[in-house]
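> model the structure of this input:
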Amino acid sequence: MPPAPEGRVPKRRRTSDDVEAGSSQQPSRWVKKAKRATGELRKLLREANGVHELVTKTEQAIARASESVKNMVHDVDMLDARRTASSRANRTRQSTAVPIHSTPAHETASLPSVPRSGTDAEKTSDLQAALVALIKARVDENKDTDKRSMDGVLRSVLDALIDADPRENTTCCTCRPTASQRRRIEETKFSKPRPRIGADAQGFPYDDRSACSMSDPHPDRLTSKERNVEKMLALGRPDPFMDSLPGLSVRPRPRAPRVFKQQFTVQFQHLPPGVLAEMERWHVELGRCGNCIMRAMRTFPPWIIEVEWPAVAEDGCPVYENRAKAEVAEWDEERRQWRHLILDHYRWIPVEELEERPSDSAADPEVVNGTAHASIPWDALIDYDALNE
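Residues are numbered from 1 along each chain as shown. You can find the predicted model right below:
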């Protein structure tokens, strides 16, 4: 080849190595196929994982269903055993049972009317007969008893139970808290036993917590009564800067003068809105039945008419205080009414156990007991004797 003229770059023919180097920079068909195969493999893996999760959930559901079937079979066996035992017991009591005849579906079976008066022995006998009839209606397999007929039987049994109750229906309580309500009740409970806080007969204060549980997560949390006594002791010391000195007594703190005759009857119209809201909360959030709510609204102390702040929940029940923090109302589970306590010389005394003192003559009969200036409210004309007739 003749030499190239000066100033020009000679052209060189591409060799096979250059062609291979250029072609390697572009993705080949095999690389594209490998990427597609990798994507499809990942998709299959995801689907396989989904199938595995579905199988696991199905197995768990089958296990739960199997456990439920076992429990149902056990319950059926228990009910069958109870039914057999009850049937045998009924056959031995047929002479005393109240007969209940089969009724069509459109008729209502009922017990003979239960007497609303009589001696305690007669009421107890009526209650026993009604309960036997209820058991017979529940276990008789050949009886076609619809819901209305069972309602009649239950109504008669309830009437007999109310009449036979010697404590003014205090046992007719239907409180059945749900799981959520029970958890709320547990949050308001206090550990037992409680600390002893007060002053002895000589006026020397004491704060004994030796009997308290060491595992209490809130050892410093006090009830309303304990907290009020503690505050009164602090106010009753001659010198608040000498609390650490032993043998230092507190000033006497007698209860306030009060009128011993009944001033008025607390009616629903006298209850402040905050108290009514607390009754609603007690019923809805803590599972208190309507019968207990009604009895609570009937047995409030008179100073409830000026309570404006929300009650403190203790052991699942509200606790009310008067403005002076010297009287409290806490729920009595046994009597199912408010327990009215009055602070007298650093001790809580039930209002029924108070003794009249000469200082009580200074009480204004037109001012409600437990208040400073609240006047006796207006009463609606209601004949309360109708409850006892």
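> what about Cys289, how many neighbours?
16 (other CB atoms under 10 Å). Backbone N, C-alpha and C define where each C-beta goes, glycine included.
> isn't it right up against Thr174?
Yes: look at Cys289 against Thr174 with CB atoms under 8 Å: they come within range, at 4.3 Å.
> who's in contact with Pro177?
185, 286-287 (CB atoms under 8 Å, 6 or more residues apart in numbering).
> go again using 10 Å as the cut-off
183-185, 285-289, 316 (CB atoms under 10 Å, 6 or more residues apart in numbering).
> and Asp332, how close does it get to Asn291?
Asp332 sits at a distance of 15 Å from Asn291 (criterion: CB to CB, to the nearest Å).
> His340 pairs with what?
Under the criterion DSSP bridges, His340 forms beta bridges with Ala329.
> quick one: residues contacting it.
For His340, the contacting residues are 299-303, 320, 327-330, 332, 349-352, 354, 369-370, by CB under 10 Å, 6+ apart.
> which of those are buried? Put it as a ChimeraX command.
The buried residues among the contacts of His340 can be selected in ChimeraX (16 or more other CB atoms under 10 Å) with this line:
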select :299,300,301,302,303,320,327,328,329,330,351,369,370
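> columns distance to Gln269 and secondary structure on top of the contacts of Pro177, output as JSON lines?
Output for the contacts of Pro177, formatted as JSON lines (distance: CB to CB, whole Å; DSSP: H, G, I helix; E, B strand; the rest coil):
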{"residue": "Arg183", "distance to Gln269": "35", "secondary structure": "helix"}
{"residue": "Arg184", "distance to Gln269": "30", "secondary structure": "helix"}
{"residue": "Ile185", "distance to Gln269": "30", "secondary structure": "helix"}
{"residue": "Glu285", "distance to Gln269": "25", "secondary structure": "helix"}
{"residue": "Leu286", "distance to Gln269": "25", "secondary structure": "helix"}
{"residue": "Gly287", "distance to Gln269": "27", "secondary structure": "coil"}
{"residue": "Arg288", "distance to Gln269": "22", "secondary structure": "coil"}
{"residue": "Cys289", "distance to Gln269": "23", "secondary structure": "coil"}
{"residue": "Gly316", "distance to Gln269": "28", "secondary structure": "coil"}
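> for these, which one is nearest Glu226?
Glu226 lies nearest to Gly316 out of the contacts of Pro177, by CB to CB, at 17.9 Å.
> look up how far Arg281 lies from that closest one.
In terms of CB to CB, Gly316 sits 12 Å off from Arg281.
> quick one: which of these two has more around it?
Neighbour tally, Gly316 and Arg281, criterion other CB under 10 Å: the higher count belongs to Gly316, 22 against 16.
> pretty sure that one is touching Gly287, no?
Yes: the pair Gly316 / Gly287 is scored as a contact, 8.2 Å apart, by CB atoms under 10 Å.
> what touches both of those two?
By CB under 10 Å, 6+ apart, the residues touching both Gly316 and Gly287 are 175, 177, 181-182, 184-185.
> could I get the residues you listed as CSV with distance to Leu235 and pLDDT?
As requested, the shared contacts of Gly316 and Gly287 are exported to CSV (distance: CB to CB, whole Å; pLDDT from 0 to 100):
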residue, distance to Leu235, pLDDT
Cys175, 39, 88
Pro177, 39, 93
Gln181, 38, 95
Arg182, 39, 95
Arg184, 34, 95
Ile185, 33, 95
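> check those residues and tell me the two furthest apart.
Taking CB to CB, no two of these sit farther apart than Cys175 and Arg184, at 13.4 Å.
> let me see the contact set for Asp207.
By CB under 10 Å, 6+ apart, the residues touching Asp207 are 195-198, 226, 229-230, 233.
> next, count neighbours for Phe260.
Using other CB under 10 Å, Phe260 has 13 other residues around it.
> just confirm it contacts Asn369, I think it does.
Yes: counting by CB under 10 Å, Phe260 touches Asn369, with 8.9 Å between them.
> mutual contacts of these two, please.
Each of 351, 363 lies in contact with both Phe260 and Asn369 under the rule CB under 10 Å, 6+ apart.
> about what we covered before: what subset of the contacts of Asp207 is buried?
Buried members of those, counted by 16+ other CB under 10 Å: 195, 197-198, 226, 229-230, 233.
> can you give me the distance of Pro377 to Thr371?
11 Å.
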